[in-house]
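In: this one's structure only:
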């Protein structure tokens, strides 16, 4: 059974504003770094998207995955079971529904355990993810976070 360690981070300049995520994935002697930037998004969306993208990268089913994140929003939502209650209630009055639904499609494919780490506290891989996220957010060719921009236009975030 594959064992994978993942570090993730998200960043937003302005919140909302330009944003990005950074990911470091490790398994055995293999290591992979990923990042992407978006023109208008939020920090929480980037934190959650980083986890989703990392899990979607895993090619095997039922991998044992440990995710380290400095996002209480993401870690607590999963580890305390909030997201599963939100799902049962149809995500009534919740933000980032598009991403939580995407997360809930990939999450059951693996044995995932979340760990919260203090941000900006010298954890090497958390710091690396932060660098990747900030660089992505400051990039010149930023993608469109359709889920955020479409929801924002419809008034869901106002």
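Out: Yes, it's here. Computed from a predicted structure; not experimentally measured.
In: For my notes, confirm residue 74 occurs in a strand.
Out: No. Counting by DSSP: H, G, I helix; E, B strand; the rest coil, residue 74 is located in no strand; its state is helix.
In: Give the burial count for it, as a bare number.
Out: Using other CB atoms under 10 Å, residue 74 has 27 other residues around it. In short, each C-beta sits where N, CA and C put it, glycine included.
In: Check residue 116 too.
Out: Residues lying near residue 116 (other CB under 10 Å) number 15.
In: so how far is residue 67 from it?
Out: 10 Å (CB to CB, to the nearest Å).
In: same question, residue 89
Out: With CB to CB as the criterion, residue 89 and residue 67 are 25 Å apart.
In: got the contact list for residue 2?
Out: 27, 58, 60, 63-64 (CB atoms under 8 Å, 6 or more residues apart in numbering).
In: if you set the cut-off to 6 Å instead, what comes out?
Out: Shown in contact with residue 2 (CB atoms under 6 Å, 6 or more residues apart in numbering): 60, 63.
In: and it, how far is that from residue 115?
Out: Per CB to CB, residue 2 is found 18 Å from residue 115.
In: what's the answer for residue 125, then?
Out: Counting by CB to CB, the gap from residue 125 to residue 115 is 12 Å.
In: The two: which is more packed in?
Out: Between residue 125 and residue 115, counted using other CB under 10 Å, residue 125 has the larger neighbour count: 21 against 12.
In: I figured that one hits residue 8, correct?
Out: No. Proximity of residue 125 to residue 8 does not meet the contact threshold set by CB atoms under 6 Å, at 9.5 Å.
In: Please enumerate the strands of this protein.
Out: Taking DSSP state E as the criterion, the chain carries its strands at 3-13, 17-27, 30-41, 64-69, 111-116.
In: Give the pairing partners of the last one; include direction for each.
Out: Okay, so that is strand 111-116. Note on strand 111-116: by DSSP bridges, its sheet partners are strand 64-69 (parallel).
In: Show me what counts as buried in the strand it pairs with.
Out: Applying a neighbour-count criterion of 16 or more other CB atoms under 10 Å, one finds 65, 67-69 buried in strand 64-69.
In: List the contacts of that strand.
Out: By CB under 6 Å, 6+ apart, strand 64-69 touches 1, 3-8, 75, 110-115, 117.
In: Now rank the residues you listed by neighbours and give me the top one.
Out: Highest neighbour count within those, by other CB under 10 Å: residue 8, with 32 neighbours.
In: beta partners of it?
Out: residue 23, residue 69.
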